[in-house]
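J.: Provided below are the primary sequence and the corresponding predicted coordinates.
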Number of protein chains: 2
Amino acid sequence: MANPERSTEMLWEPQPEPRRSLNLERIVRAAVELADAEGLAALSMRRLAERLGFTTMALYRHVPGKAELLTLMRERVHGETEADAGPARAAGWRAELEVWARDELAMYRRHPWLAESDDARHVPGPHTVGRFERALEIVARTGLPPAHVVAAVNLVGGFVGSTARQAAAEARMRRRTGVSDEEWWQDRDSLFAHLDRYPTLSRLYREGAYDTPPDPFEFGLQRVLDGVEALVRYESRDEKGCGVCGRPVDRGPAGRPRDYCSPACRQRAYRLRRGQGG
Amino acid sequence: MANPERSTEMLWEPQPEPRRSLNLERIVRAAVELADAEGLAALSMRRLAERLGFTTMALYRHVPGKAELLTLMRERVHGETEADAGPARAAGWRAELEVWARDELAMYRRHPWLAESDDARHVPGPHTVGRFERALEIVARTGLPPAHVVAAVNLVGGFVGSTARQAAAEARMRRRTGVSDEEWWQDRDSLFAHLDRYPTLSRLYREGAYDTPPDPFEFGLQRVLDGVEALVRYESRDEKGCGVCGRPVDRGPAGRPRDYCSPACRQRAYRLRRGQGG
DNA sequence: TCCGTCGGTGTACGTGGTACACATGCGGCA
DNA sequence: TGCCGCATGTGTACCACGTACACCGACGGA
């Protein structure tokens, strides 16, 4: 259905448009507004045309089809804040990747339809690739092998997208029914009446597992980053430097591997521990 | 749209059906078959009725609507293999959770439409809750606080679902277009021609990042489990026992925390290290 | 005998994306 | 000035979807 060659062309070799009444720019902007306001399901070619004051088929003079329109919408919103985040480069890869992930989530929050639409095989535009590049850059500094850098970025990106998808579904349902997820589940007594036969679930519930649930994004992000960090440590296990100055340490012929490169560093680490220990 | 009360009733208090020509059982089974074979998009009430040899509206005598039909389909396939996996309980929570996750993925692979359909607010049936209970049981043994047990299970479950969703999208596209993801991307030269301006991406590509990419499920699962494991370790950091025998160790007044509870254990650890070391 | 209910049918409505034929107006050229 | 061709906008039409609604035959109990 979607035409990838046409998409690539429109994303990477945009034609300067004559200033006509109806043009690509206006269509894409209006489409984003409509999808932002009422969700992806409400974005139909008819409704969009109506909002712009044209007939449905007029849109097809500027856009090959709905699939390509969505591609352009995605690229548009990916470009929104790319310039603002001056990266706190000194903070280390983990903090930076955390910022990146939060930034992605913010984008999904501004445009919940993004999460509903990302099936696959979408031609990325300059801004979309730019965001990917930024994440690669950050993770590449861990020293992980190239394939793992890409896999790690995809993992984190996928996690954000998946979380956003669930959040978007919640919001969509709330708008359509006027009922929040929490309220909806609270109304399910006829279901809960059957759950006594599950001992662990019942016990955890009684112990308050559902009283103050952690934010799924924050919880999951920390776990995923911990997982990546563990990989980084594992991959660089043979080149671990001094625990204080980071310089390589001599490996003794046997026995416990040394943590520090010199007695001076060892002493410094001791003083640090004692200082904060108390 | 979906009627949760009706769903709950049909899932948990199923009425014994008279053996008529058309009944719920036959409808649900045929629906699962159709969706398995041709994807969720191909599952329409018309097509389903046609396949069963009845008119479209005949289905509505047995099912309130399509949403409820999907709920019944989900529950049906969640029950498929629940009995088979005798849990290797001795292996520890991580190995068991890994088995659980793989089992979930296998279900998604048998029924790719599952991943396409799971928006939210779905009333779970006995088998669906059963699977959840199993995971909770496993993770509860880590000793994590209740809210974290639930969050961890949701994280892993969400990861599996998200991976399955992408895999399902790939399969759907391949069926519809006859082109695999890999082939499709290989045809995107007109896109790649623009990617030189992204230094990290280019470098990683040159270094073979895309030559033998790790399986996203396997890679991600290990990272996520590492993350959960890190949390488990962190939560139980104050009750860490002797590195050899597991008994609690005295904490000295200052200095480096001790790893062993006694000189005997320390010596044993040393011998173990030397034995496998040099 | 009659009547209510259950199961199945047929038609119809409103929604969607978009193919196709047509109208309109403008720029370039003879 | 008159004409052509193209870009742009229009209108109608098709097919597929979920499902509301009116109808109809058959069967079981009073």
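T.: Thanks, I have it.

J.: domain-wise, how is chain A divided?
T.: A:4-78, A:89-181+A:214-235, A:240-277 (automatic domain parsing).

J.: helices of the stretch 1-150 of chain A, start to end?
T.: Here the stretch 1-150 of chain A has its helices, by DSSP state H, counting those that start in this stretch, at A:4-12, A:24-38, A:45-52, A:56-59, A:66-78, A:93-110, A:113-117, A:126-140, A:146-177.

J.: ok, and does the second one reach over to DNA strand D?
T.: So the one you mean is helix A:24-38. No: counting by CB under 7 Å from any atom of the strand, DNA strand D has no neighbours in helix A:24-38; the shortest distance is 9.3 Å. Where you see a C-beta, it was placed from the backbone N, CA and C, and this is true even at glycine.

J.: the closest residue in space to residue A:60 that isn't next to it in sequence: neighbour count?
T.: Distances taken as CB to CB, 6 or more residues apart in numbering or on different chains put residue A:45 closest to residue A:60, at 7.9 Å, once the chain neighbours are dropped. Here the number of neighbours of residue A:45 (other CB atoms under 10 Å in any protein chain shown) works out to 17.

J.: got the confidence number for residue A:45?
T.: Note on residue A:45: pLDDT of 95.

J.: which residues does it contact?
T.: With contact set as CB atoms under 8 Å, 6 or more residues apart in numbering or on different chains, residue A:45 has these partners: A:56, A:59, A:60, A:66.

J.: how close does the third one get to chain B?
T.: Translated: residue A:60. Between residue A:60 and chain B the computed distance is 22 Å (CB to the nearest CB, to the nearest Å).

J.: need phi/psi at that residue.
T.: Main-chain torsions, residue A:60, degrees, to the nearest 10: phi -70, psi -10.

J.: burial of it, as a residue count?
T.: Per other CB under 10 Å, the neighbour tally for residue A:60 reads 14.

J.: next: residue A:127.
T.: A total of 18 residues lie near residue A:127 under the criterion other CB under 10 Å.

J.: look up phi and psi at the nearest residue to it once chain neighbours are set aside.
T.: Nearest residue to residue A:127, sequence neighbours excluded (CB to CB, 6+ apart): residue A:79, at 3.5 Å. When read as degrees, to the nearest 10, the backbone of residue A:79 gives phi -90, psi 0.

J.: need the pLDDT of the residue nearest to residue A:36 when sequence neighbours are not counted.
T.: Using CB to CB, 6+ apart and skipping the chain neighbours, the partner closest in space to residue A:36 is residue A:111 (5.8 Å). Residue A:111 is assigned a pLDDT of 96 by the prediction.

J.: circling back to that earlier point, can I get the helices of the stretch 1-150 of chain A in TSV with distance to DNA strand C?
T.: Below are the helices of the stretch 1-150 of chain A laid out as TSV (distance: least, CB to the nearest atom of the strand, whole Å):
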stretch	distance to DNA strand C
helix A:4-12	12
helix A:24-38	10
helix A:45-52	4
helix A:56-59	4
helix A:66-78	4
helix A:93-110	22
helix A:113-117	12
helix A:126-140	21
helix A:146-177	14
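
J.: check contacts around residue A:106.
T.: residue A:81.

J.: state the distance from the residue nearest to residue A:35 when sequence neighbours are not counted to residue A:165.
T.: Sequence neighbours aside, residue A:113 is the residue nearest to residue A:35 in space, at 4.2 Å (criterion: CB to CB, 6+ apart). Look at residue A:113 and residue A:165: by CB to CB, to the nearest Å, they are 11 Å apart.

J.: same question, residue A:189
T.: Using CB to CB, residue A:189 is found at 28 Å from residue A:165.

J.: again, but for residue A:39
T.: Taken as CB to CB, the span from residue A:39 to residue A:165 is 13 Å.

J.: so for those two, which residues contact both of them?
T.: In contact with both residue A:39 and residue A:165: residue A:116, using CB under 8 Å, 6+ apart.

J.: and these two? Which one has more around it.
T.: Per other CB under 10 Å, whichever of residue A:39 and residue A:165 has more neighbours is residue A:165, with 24 against 17.

J.: my guess is the residue nearest to residue A:35 meets residue A:34, correct?
T.: No: judged on CB atoms under 8 Å, residue A:113 makes no contact with residue A:34 at a distance of 9.4 Å.

J.: any residues in contact with both of those two?
T.: Shared contacts of residue A:113 and residue A:34, defined by CB under 8 Å, 6+ apart, comprise residue A:43.

J.: neighbour count winner among those two?
T.: residue A:113 (25 against 21).

J.: run a quick neighbour tally on the residue nearest to residue A:127.
T.: Residue A:79 has 15 nearby residues by other CB under 10 Å.

J.: next one: it, what pLDDT does it get?
T.: 93.

J.: quick check: the gap between it and residue A:125.
T.: 8 Å.

J.: tell me, how many residues neighbour residue A:203?
T.: So residue A:203, with other CB under 10 Å, has 14 neighbours.

J.: which residues does it contact?
T.: residue B:140.

J.: nearest spatial neighbour of the residue nearest the centre of chain A, skipping sequence neighbours?
T.: Residue closest to the mean C-alpha point of chain A, counted by CA atoms, centre = their mean, is residue A:160 at 3.1 Å. Leaving aside its sequence neighbours, residue A:160 sits nearest to residue A:104 (CB to CB, 6+ apart; 4.6 Å).

J.: kindly report the same for residue A:128.
T.: Using CB to CB, 6+ apart, the closest residue to residue A:128 is residue A:78 (4.5 Å).

J.: got the contact list for the one you found?
T.: Applying CB under 8 Å, 6+ apart, the residues near residue A:78 are A:107, A:125, A:127, A:128, A:130, A:131.

J.: read off the pLDDT value for the second one.
T.: Taken from the predicted model, the pLDDT recorded for residue A:125 is 95.

J.: quick one: contacts for it?
T.: Contacts for residue A:125 were tallied using CB under 8 Å, 6+ apart; they are A:11, A:12, A:71, A:72, A:74, A:75, A:78, A:79.

J.: which one of the residues you listed has the most neighbours?
T.: Counting neighbours by other CB under 10 Å, residue A:71 comes out on top of those with 27 neighbours.

J.: any figure for the gap between the nearest residue to it once chain neighbours are set aside and DNA strand D?
T.: Residue nearest to residue A:71 in three dimensions, not counting chain neighbours: residue A:7, with 4.8 Å by CB to CB, 6+ apart. The spacing between residue A:7 and DNA strand D, counted by CB to the nearest atom of the strand, to the nearest Å, is 18 Å.

J.: likewise for residue A:91?
T.: 49 Å.

J.: what's the local residue count around that residue?
T.: What residue A:91 shows, counting by other CB under 10 Å, is a neighbour count of 11.

J.: over to residue A:190?
T.: Neighbour count for residue A:190, taken as other CB under 10 Å: 15.

J.: same question, the one 10 residues further on
T.: Burial measure for residue A:200: 19 neighbouring residues, criterion other CB under 10 Å.

J.: residue A:23 now?
T.: Per other CB under 10 Å, the neighbour tally for residue A:23 reads 13.
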